[in-house]
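K.L.:
give me the fold of what follows.
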Amino acid sequence: GKDRIIFATKEDHETPSSAELVADDPDDPYEEQGLILPNGDINWNCPCLGGMASGPCGEQFKSAFSCFHYSTEEIKGSDCVDQFRAMQECMQKYPDLYPQEDENDEKSTKDLEAASMEASAAKEEKGSS
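P.N.:
Predicted structure coming up:
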(Lines give C-alpha, C1' and ligand atoms only; values in the text may rest on other atoms or scores of the structure.)
Protein backbone atom coordinates (compact mmCIF):
# COMPACT_ATOMS: atom_id res chain seq x y z
CA GLY A 1 0.00 0.00 0.00
CA LYS A 2 0.72 3.66 0.22
CA ASP A 3 1.65 3.69 3.92
CA ARG A 4 5.01 2.76 5.38
CA ILE A 5 5.50 2.02 9.07
CA ILE A 6 8.77 3.07 10.66
CA PHE A 7 9.61 2.20 14.25
CA ALA A 8 11.68 4.68 16.25
CA THR A 9 13.67 3.53 19.22
CA LYS A 10 14.23 5.41 22.47
CA GLU A 11 17.77 6.10 21.28
CA ASP A 12 16.40 7.65 18.05
CA HIS A 13 14.46 10.16 20.14
CA GLU A 14 17.46 11.00 22.36
CA THR A 15 19.56 12.21 19.42
CA PRO A 16 19.09 15.95 18.82
CA SER A 17 17.41 16.87 15.55
CA SER A 18 19.61 18.14 12.74
CA ALA A 19 16.69 19.80 10.93
CA GLU A 20 17.25 23.45 10.04
CA LEU A 21 14.38 25.93 10.09
CA VAL A 22 14.37 28.52 7.34
CA ALA A 23 13.67 32.00 8.63
CA ASP A 24 10.95 34.02 6.92
CA ASP A 25 12.26 36.48 4.36
CA PRO A 26 11.86 39.92 5.98
CA ASP A 27 11.94 41.49 2.50
CA ASP A 28 8.98 39.45 1.21
CA PRO A 29 6.55 42.16 0.05
CA TYR A 30 3.55 39.85 0.54
CA GLU A 31 4.41 38.75 4.07
CA GLU A 32 1.95 39.98 6.69
CA GLN A 33 -0.08 41.90 4.11
CA GLY A 34 -3.30 39.94 4.42
CA LEU A 35 -5.78 39.30 1.64
CA ILE A 36 -5.96 42.84 0.31
CA LEU A 37 -2.75 44.76 -0.40
CA PRO A 38 -2.46 48.42 0.64
CA ASN A 39 -3.17 49.49 -2.96
CA GLY A 40 -6.48 47.55 -2.93
CA ASP A 41 -5.27 44.67 -5.11
CA ILE A 42 -5.86 41.05 -4.11
CA ASN A 43 -2.83 39.34 -2.55
CA TRP A 44 -2.90 36.03 -4.42
CA ASN A 45 0.01 34.82 -2.24
CA CYS A 46 -1.97 35.21 0.99
CA PRO A 47 -1.88 31.93 2.96
CA CYS A 48 -5.53 32.65 3.83
CA LEU A 49 -6.48 31.52 0.30
CA GLY A 50 -5.18 28.05 1.06
CA GLY A 51 -3.46 27.73 -2.30
CA MET A 52 -6.71 28.13 -4.24
CA ALA A 53 -5.09 30.68 -6.57
CA SER A 54 -2.69 28.05 -7.86
CA GLY A 55 -3.36 24.54 -9.09
CA PRO A 56 -5.50 23.31 -11.96
CA CYS A 57 -8.42 25.66 -11.19
CA GLY A 58 -6.37 28.65 -10.07
CA GLU A 59 -7.32 30.84 -13.03
CA GLN A 60 -11.03 30.10 -12.57
CA PHE A 61 -10.71 30.86 -8.85
CA LYS A 62 -8.91 34.14 -9.54
CA SER A 63 -11.54 35.13 -12.07
CA ALA A 64 -14.45 34.39 -9.72
CA PHE A 65 -12.81 35.91 -6.65
CA SER A 66 -11.73 39.05 -8.53
CA CYS A 67 -15.21 39.48 -9.94
CA PHE A 68 -16.72 39.20 -6.46
CA HIS A 69 -14.11 41.49 -4.85
CA TYR A 70 -14.58 44.26 -7.40
CA SER A 71 -18.35 43.77 -7.83
CA THR A 72 -20.38 46.94 -7.42
CA GLU A 73 -23.78 45.26 -7.81
CA GLU A 74 -26.42 45.86 -5.15
CA ILE A 75 -26.24 42.14 -4.34
CA LYS A 76 -22.44 41.88 -4.28
CA GLY A 77 -21.20 39.21 -6.65
CA SER A 78 -24.54 38.67 -8.37
CA ASP A 79 -22.79 39.56 -11.62
CA CYS A 80 -20.21 36.77 -11.09
CA VAL A 81 -22.35 33.63 -11.39
CA ASP A 82 -20.73 32.54 -14.67
CA GLN A 83 -17.23 32.79 -13.18
CA PHE A 84 -18.23 30.84 -10.06
CA ARG A 85 -19.95 28.21 -12.19
CA ALA A 86 -16.77 27.81 -14.30
CA MET A 87 -14.72 27.45 -11.12
CA GLN A 88 -17.11 24.83 -9.73
CA GLU A 89 -17.10 22.88 -13.01
CA CYS A 90 -13.31 22.87 -12.98
CA MET A 91 -13.18 21.71 -9.34
CA GLN A 92 -15.55 18.85 -10.08
CA LYS A 93 -12.94 17.49 -12.52
CA TYR A 94 -10.45 17.16 -9.63
CA PRO A 95 -12.37 15.58 -6.72
CA ASP A 96 -9.14 14.51 -4.99
CA LEU A 97 -7.87 18.10 -4.86
CA TYR A 98 -11.25 19.75 -4.24
CA PRO A 99 -13.41 17.34 -2.20
CA GLN A 100 -17.13 17.98 -2.59
CA GLU A 101 -19.36 18.19 0.46
CA ASP A 102 -22.31 15.87 0.24
CA GLU A 103 -25.72 17.53 0.55
CA ASN A 104 -24.62 21.03 1.56
CA ASP A 105 -22.56 21.57 -1.58
CA GLU A 106 -25.50 20.81 -3.84
CA LYS A 107 -27.67 23.13 -1.77
CA SER A 108 -25.18 26.03 -1.94
CA THR A 109 -25.01 25.75 -5.74
CA LYS A 110 -28.81 25.93 -5.94
CA ASP A 111 -28.78 28.89 -3.54
CA LEU A 112 -26.22 30.67 -5.72
CA GLU A 113 -28.26 30.04 -8.85
CA ALA A 114 -31.46 31.18 -7.10
CA ALA A 115 -29.75 34.36 -5.90
CA SER A 116 -28.54 34.99 -9.43
CA MET A 117 -32.04 34.56 -10.85
CA GLU A 118 -33.47 36.86 -8.18
CA ALA A 119 -30.82 39.47 -8.97
CA SER A 120 -31.56 39.20 -12.70
CA ALA A 121 -35.29 39.57 -12.06
CA ALA A 122 -34.68 42.57 -9.80
CA LYS A 123 -32.48 44.15 -12.48
CA GLU A 124 -35.17 43.65 -15.11
CA GLU A 125 -37.83 45.17 -12.84
CA LYS A 126 -35.61 48.15 -12.11
CA GLY A 127 -34.85 48.66 -15.80
CA SER A 128 -38.52 48.52 -16.90
CA SER A 129 -39.87 51.09 -14.44
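
K.L.:
give me the pLDDT for the closest residue to Leu35 other than its chain neighbours.
P.N.:
For Leu35, ignoring the flanking residues on the chain, the nearest one in space by CB to CB, 6 or more residues apart in numbering is Cys46 at 4.9 Å. Bear in mind the C-beta positions are built from the backbone N, C-alpha and C, glycine included. Predicted confidence (pLDDT) for Cys46: 88.

K.L.:
for Ser78, see how far away Cys46 is.
P.N.:
25 Å (CB to CB, to the nearest Å).

K.L.:
tell me which of these two has more neighbours.
P.N.:
Taking other CB atoms under 10 Å, Cys46 and Ser78 do not tie; Ser78 has more neighbours (19 against 15).

K.L.:
mind telling me what element the more buried one is part of?
P.N.:
Counting by DSSP states H and E, no helix or strand carries Ser78.

K.L.:
shouldn't it be in contact with Cys67?
P.N.:
No - applying CB atoms under 8 Å, one finds Ser78 not in contact with Cys67, separated by 10.3 Å.

K.L.:
for the chain, give me the ranges with low pLDDT.
P.N.:
The chain contains residues with pLDDT under 70 at 1, 19-32, 102-129.

K.L.:
let's go with 90 and repeat that
P.N.:
Along the chain, the model assigns pLDDT under 90 to residues 1-40, 45-51, 54-55, 95-129.

K.L.:
which parts of this protein are helices?
P.N.:
Along the chain, counting by DSSP state H, helices occupy 10-14, 58-70, 81-92, 103-128.

K.L.:
near Gln60, how many other residues are there?
P.N.:
19.

K.L.:
and it, how far is that from Trp44?
P.N.:
13 Å.

K.L.:
could you do Thr72 as well?
P.N.:
Distance from Thr72 to Trp44, by CB to CB: 21 Å.
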